[in-house]
Every structure is written in structure tokens, then in C-alpha cells.
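Participant: generate a structure from the sequence data that follows.
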Amino acid sequence: MSMKNDVAQLCKRVKCASRELALLDTKAKNDLLVNMAYALMKNTAYILKENSKDIKYAKRNGLSAALIDRLVLSSGRIKVMADSLVRIAELKDPVGQIIETVNRPNGLIIKKVRVPIGVILIIYESRPNVTSDCIGLCLKSGNSVILRGGSEAVHSNAAIHGVMIKEAIKKGLSRDTFSMITDTDRRVVNELLVQEGLIDLVMPRGGESLIREVAKRSRIPVIKHYKGVCHTYVDESADLEMAEEICLNAKVQRPGVCNAMETMLVHRKVAGVFLKSMIERFRKAGVEIRGCPQTKKIVKDVVAAKEDDWYTEYLDLILSVKVVRDIDEAIGHIMKYGSYHSDAIVAEDKKAAAKFLNEVDSACVYVNASTRFTDGGEFGKGAEIGISTDKIHARGPMGLEELTSYKYVVYGNGQIRK
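Facilitator: As a prediction, the model looks like this:
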């Protein structure tokens, strides 16, 4: 059988499985999620053994430190994956939720009811935890899923999927309900992206080049964010000690993720004091600073920032720094160079904070907090299937509700339209 036929047949089986999953009751879904969590913990040694194969491959092939950080599993990270499944089980089931009820003058009762989307295709790179998060969220929201991870994490993904699908099969679900494609041939992805009518939604998770390629080739709706060029603006009214802690966390705590700060903007009235101390702390943490001319005047040996730096998602211990005239220049910079992902202001002035929140059109905007909180788990969603910077259907971290659509259920007693 040809690759084209193989992919089409798989998608048909997954589509059939999605109809069965959509009818599964809440208790059955929650019980399975808890069983999957226990299974991950029980099989920690096996999963770590498979993960070590991927780490060796990554180091041998010169993958970046940021990619390797995303790839590495530990017993602690596996526990986090298991805990996420338990939290998802504890969340309210969105399927069947009545969003609104309208009683019409002619006696019709119209209910807007949440339903699963159907079949979701996840194309992702590096992070093995995406495998468990996506299976968990899709299970609870009643969606079947096709997982296609990158070659760099093939052993880790297969191990996690294998452990979880065994639990699903024990509960009577089809093996096709949560399918994983381990074939790393890119032609497989191209075939998947034309399966309109069988796959309902595509979510690419990875580097900008992967996401743009998927969006270009797909005949199926795609929810995405291309990159995370996240900013923190330190206002003239900021508590500077607080600002240092927020900025350090946003850049250093985990630099290889999409919600890490890539550009720090500082009001000129506090730049002289703030930057000397802040840049010293960044350097102690191993951060390379690329600054504007004003930044270089304050801290002499800073590397000069180029125009491309303001657009760059480093995913590394590199930070662009710019001194701005006022909040308007800060907002203008964010709207020109940003990626509509996550941006923050540190300010005690409530009017400045309100202005920033109103005028920065990003998926997540913060006052006096780190951009690192843009995450499904941190937002109380249990986990996330991805982060969207689109404006249609879903925006920001996507959890259970974002994995549903809705239908109108209409009750009558013989009404006909005249």
C-alpha cells in the first residue's frame, strides 16, 4: 500500500474512533486519566531509558542547548506530566456544557452546547511532555488525536504513548483513538495536511520554520503561534527591586521556551540606575546583552543591538535591551517588533498599567508579573495543547474549552416557518 493510502486509512480509523470517544462519559474519562498518570509513574525507568537514546542522538548531532533542555526528561519531569493528567481529571468536563439558552417568541428553545472538535493533528518538536499533555487534554475534551513528533524525540514519544495507549485499550478504547506516527519522513506530514474531512484541526508546536511550513501546506484549519518575542517594559513608576526579580525570572528561569523574555524595555528616567544593577545580575547568570546606543552609554561593554535583534526569538541566554523615551515608545516598539504572544509592564502607576493593558494587543498581557506564567498549567487549565496568537477561535494557552466547538440544539413542539 502506498504512503498516501496508508495515511488516508489511518485518518479514517481515527475519525471512527473519535465518534466513540465523544460519547464517553465523564467518570470513564477521569478514571482513565488517573490510570494513565499512575502508568507513567510506574514506567518512569523505562521512559528515562528511551529518553536517554534521544539525548545521545541530540548531542551527537549538535542540537542546541535550548532544544536539548526541552528534550531531557527526569523523574521529576515525568511526575509533573503525571500530575498534569490528574489535574485534567479534576477539571470540569466541557463536553455537553450549555453555553447559553434562548427562548424564542414562537416557543422554540435553542441551546448552544459544547461538543468535541473531532480529530486533532499535533505536529511537534523536542518536548516529550507534549505527548502526554495532548493525549490527556484530548481525552477529557472528547477528541481523538494524531501525534507526529520530531525525529529528535522519537524514542521518548513512543515510550510515553505506548504506556498511555495500553491503559486506553484496557478501558475498551480503540488503539486508533490516540495515534502516534513514528515515521519521520516529511512526506507523511504533507499527506496528513491534505486530509480535510478526516482531520478537523492542525496544531503545530515547534520552531517558526516548522509552523510556517505547516500553515502553508495545510488544507485544514491551523491554530498556531510563529514565535514568542516577549517583552518586559520597566516603567518610570516601577518598583525597581520587583522589576529586577521579574526580568531575571522572565529571561533566565527557562530561556528556551516561547514565554521567556527576549527584549527588555526601560524608561529613560530609571535606566541609569536600573540597568547597571540589572545587567550585572544578568551577566552573573550567563546572559549576553545586546543593547541600544543609550544602553551602551550606561553600560559601556554591551554588544550593540542590530535591527534584526528586535525581531529575534533567541530561545537562549541572550537579551535585547532598549531604553525608551516613555510608555508610548515602549508600546510602539512592542507592536512593531513583537509576536503578539506575552508582554509585561512593571509599574506602580495604575494609569500606566491600564494604558499598557489596553493598547498592547497580545494574547497575554501582564502587570507586575513574569511572562513565564503564560502556560496552561499556570492558568489553571491542567496543561495546554498549545499557545495561540491567532484571534479566531482560541487565543493564548489552549486547554479543554478551547478544544471544543459547539452546536445548536433546538427543541420545538410542531413549529413550522411561515
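
Participant: I279 is in contact with I289, isn't it?
Facilitator: Yes: contact criterion Cβ atoms under 8 Å: I279 and I289 qualify, at 5.6 Å. To be clear about C-beta, it is placed using only N, CA and C from the backbone, and glycine gets the same treatment.

Participant: shared neighbours, those two?
Facilitator: 299, 302, 321 (Cβ atoms under 8 Å, 6 or more residues apart in numbering).

Participant: what number of residues lie near the first one?
Facilitator: Around V299 sit 17 other residues, with neighbours defined as other Cβ atoms under 10 Å.

Participant: name the element the nearest residue to it once chain neighbours are set aside belongs to?
Facilitator: Nearest residue to V299, sequence neighbours excluded (Cβ to Cβ, 6 or more residues apart in numbering): I279, at 5.0 Å. With secondary structure defined by DSSP states H and E, I279 is part of helix 268-284.

Participant: buried set for the helix or strand following that helix?
Facilitator: Counting by DSSP H and E, the next helix or strand C-terminal to helix 268-284 is strand 288-291. Across strand 288-291, burial judged by 16 or more other Cβ atoms under 10 Å covers 289-291.

Participant: before we move on, what about stretch 96-115?
Facilitator: 113-115.

Participant: and the average pLDDT for that stretch is what?
Facilitator: In this model, stretch 96-115 carries a mean pLDDT of 98.

Participant: return it as CSV; C-alpha atoms alone will do.
Facilitator: The C-alpha coordinates for stretch 96-115 follow below in CSV (Å, rounded to 0.1, in the frame of the first residue of the first chain):
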residue,chain,number,x,y,z
GLY,A,96,-22.2,18.9,26.8
GLN,A,97,-21.9,22.2,28.7
ILE,A,98,-24.7,24.5,27.8
ILE,A,99,-23.2,27.9,26.9
GLU,A,100,-26.5,29.7,26.6
THR,A,101,-30.2,29.0,26.2
VAL,A,102,-32.5,31.2,24.1
ASN,A,103,-36.3,31.0,24.4
ARG,A,104,-37.9,32.3,21.2
PRO,A,105,-41.3,34.0,20.9
ASN,A,106,-42.5,31.1,18.7
GLY,A,107,-41.8,28.6,21.5
LEU,A,108,-38.5,27.2,20.2
ILE,A,109,-35.9,26.6,22.8
ILE,A,110,-32.4,27.0,21.4
LYS,A,111,-29.4,25.7,23.4
LYS,A,112,-25.8,26.3,22.5
VAL,A,113,-23.9,23.2,23.6
ARG,A,114,-20.2,22.4,23.7
VAL,A,115,-19.0,19.5,21.6
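
Participant: hey, C-alpha coordinates of stretch 315-326 in PDB?
Facilitator: Extracted C-alpha coordinates of stretch 315-326, given in PDB (Å, rounded to 0.1, in the frame of the first residue of the first chain):
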ATOM      1  CA  LEU A 315      15.500  30.800  23.000                       C
ATOM      2  CA  ASP A 316      18.800  31.200  24.700                       C
ATOM      3  CA  LEU A 317      20.700  33.300  27.300                       C
ATOM      4  CA  ILE A 318      20.700  36.400  25.000                       C
ATOM      5  CA  LEU A 319      18.700  39.500  25.700                       C
ATOM      6  CA  SER A 320      18.000  42.700  23.700                       C
ATOM      7  CA  VAL A 321      17.700  45.900  25.800                       C
ATOM      8  CA  LYS A 322      16.300  49.200  24.700                       C
ATOM      9  CA  VAL A 323      15.900  52.500  26.600                       C
ATOM     10  CA  VAL A 324      12.700  54.200  25.700                       C
ATOM     11  CA  ARG A 325      11.500  57.800  25.900                       C
ATOM     12  CA  ASP A 326       8.100  56.900  27.500                       C
END
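
Participant: hang on, the earlier thing: just checking, what packs against the helix holding I279?
Facilitator: Packed against helix 268-284, as judged by 3 or more Cβ pairs under 8 Å, 6 or more residues apart in numbering; DSSP states H and E, are the following elements: helix 240-252, strand 261-267, strand 288-291, helix 293-298, strand 318-324.

Participant: to G228, which of the ones you listed lies closest?
Facilitator: G228 sits nearest to strand 261-267 of all the helices and strands packed on helix 268-284, at 7.4 Å, using Cβ to Cβ.

Participant: mind giving me the packing neighbours of the closest one?
Facilitator: strand 230-234, helix 240-252, helix 268-284, strand 318-324, helix 327-337.

Participant: please tell me how far M261 sits from F356.
Facilitator: 15 Å (Cβ to Cβ, to the nearest Å).

Participant: er, L275 I mean
Facilitator: L275 is 20 Å from F356, by Cβ to Cβ.

Participant: just to revisit the earlier point, M261 and F356: which is more packed in?
Facilitator: M261 (28 against 24).

Participant: and the least confident helix or strand in the chain by mean pLDDT, how far from the chain's centre?
Facilitator: Least confident helix or strand, the chain: helix 65-71 with a mean of 82, by mean pLDDT, DSSP states H and E. On the basis of Cα atoms, centre = their mean, to the nearest Å, helix 65-71 is displaced by 16 Å from the centre of the chain it belongs to.

Participant: can you list the buried residues in it?
Facilitator: 66-71.

Participant: pipe those into TSV and attach distance to E401 per row.
Facilitator: Below are the buried residues of helix 65-71 laid out as TSV (distance: Cβ to Cβ, whole Å):
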residue	distance to E401
A66	31
L67	31
I68	34
D69	30
R70	26
L71	30
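
Participant: bridging residues for Y233?
Facilitator: L265, I345 (DSSP bridges).

Participant: quick one: contacts for it?
Facilitator: 264-267, 324, 327, 330-331, 334, 343-346, 356.

Participant: go again with 10 Å.
Facilitator: 243, 263-267, 322, 324, 327, 329-331, 333-334, 343-347, 352, 356, 360 (Cβ atoms under 10 Å, 6 or more residues apart in numbering).

Participant: quick check: buried residues in the helix holding I279?
Facilitator: Buried residues in helix 268-284 (16+ other Cβ under 10 Å): 270-271, 274-275, 278-279, 282.

Participant: next one: stretch 399-416
Facilitator: 399-400, 402-404.

Participant: in three-state terms, label K15 for me.
Facilitator: In three-state terms, and counting by DSSP: H, G, I helix; E, B strand; the rest coil, K15 is helix.
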